[in-house]
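Colleague: here's my sequence, what's the structure:
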Amino acid sequence: MRSDSHSGRTWAPRGNTPVVKVTGARFGFNMISAVSPKGQLRFMVVAGKVAAKQFCEFLRRLVFRARRPMFLILDGHPVHRSAKVRRLVQSLDGKLQLFFLPPYSPELNPDEWVWNDLKNNGVGRMRITGPEHLKHHVVGHLKQMQRTPWLVRSFFQAPTTKYAA
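Modeller: Numbering: from 1, shown residues only. I've put the predicted structure just below:
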């Protein structure tokens, strides 16, 4: 998530140029998330780059106290295919299985709808004043999504994501 990304338009009276006041600073952070067809959303905010270490930490949190095996559908990001991740999955004794989407197919990934909702309905139209302000609103929106399982379930109803439901 970046401070300089925006979605939507603004308006002004006819003849006046609309002006949106922003800091002009560019900052951001990375996030990892996972969704389930039952409407669950899990996420983690990462300062800096998402490397194998951070992704493994997310996976450990994801399977913590899991009663049944989990099936995780991932895109082809190099971190997802790293040796460190493979070792972690092997060490979990079947609690987690990874499946990979074909290259260049974000439309098949229900998790992409999380980021779409966050950018279009969460913070994309907000005036962001600083890094902590951005993080506060992003985390707040994601927590709100966690409390609305019907919304997360709807991400599995798109024609291209029904296969995962």
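
Colleague: in the protein, which spans are helices?
Modeller: 52-63, 83-91, 112-117, 131-146, 149-154 (DSSP state H).

Colleague: quick one: mean pLDDT over the longest one.
Modeller: Think helix 131-146. Helix 131-146 carries an average pLDDT of 90.

Colleague: go on, the first one?
Modeller: Along helix 52-63, the predicted local confidence has a mean pLDDT of 96.

Colleague: grab the nearest non-local neighbour of the residue nearest the centre of the chain.
Modeller: Most central in the chain under CA atoms, centre = their mean is Ser33, positioned 4.5 Å from the mean C-alpha point. Leaving aside its sequence neighbours, Ser33 sits nearest to Phe43 (CB to CB, 6 or more residues apart in numbering; 4.0 Å). C-betas here are computed from N, CA, C, even on glycine.

Colleague: so who does that neighbour touch?
Modeller: Counting by CB atoms under 8 Å, 6 or more residues apart in numbering, Phe43 makes contact with 31-34, 114, 142.

Colleague: okay, the helices of the chain, which one's buried deepest?
Modeller: With neighbours defined as mean count of other CB atoms under 10 Å, the helices of the chain peak in mean count at helix 112-117, which reaches a mean of 18.

Colleague: low-confidence ranges, the chain, go.
Modeller: 1-11, 19-27, 125 (pLDDT under 70).

Colleague: what segments of it are strands?
Modeller: 30-35, 41-46, 70-74, 96-100 (DSSP state E).

Colleague: measure Ala83 to Gly94 for me?
Modeller: 19 Å (CB to CB, to the nearest Å).

Colleague: ok, Ile32 next?
Modeller: 22 Å.

Colleague: between these two, who's got more neighbours?
Modeller: Neighbours of Ile32 and Gly94, each counted by other CB atoms under 10 Å, are more numerous for Ile32; the result is 19 against 9.
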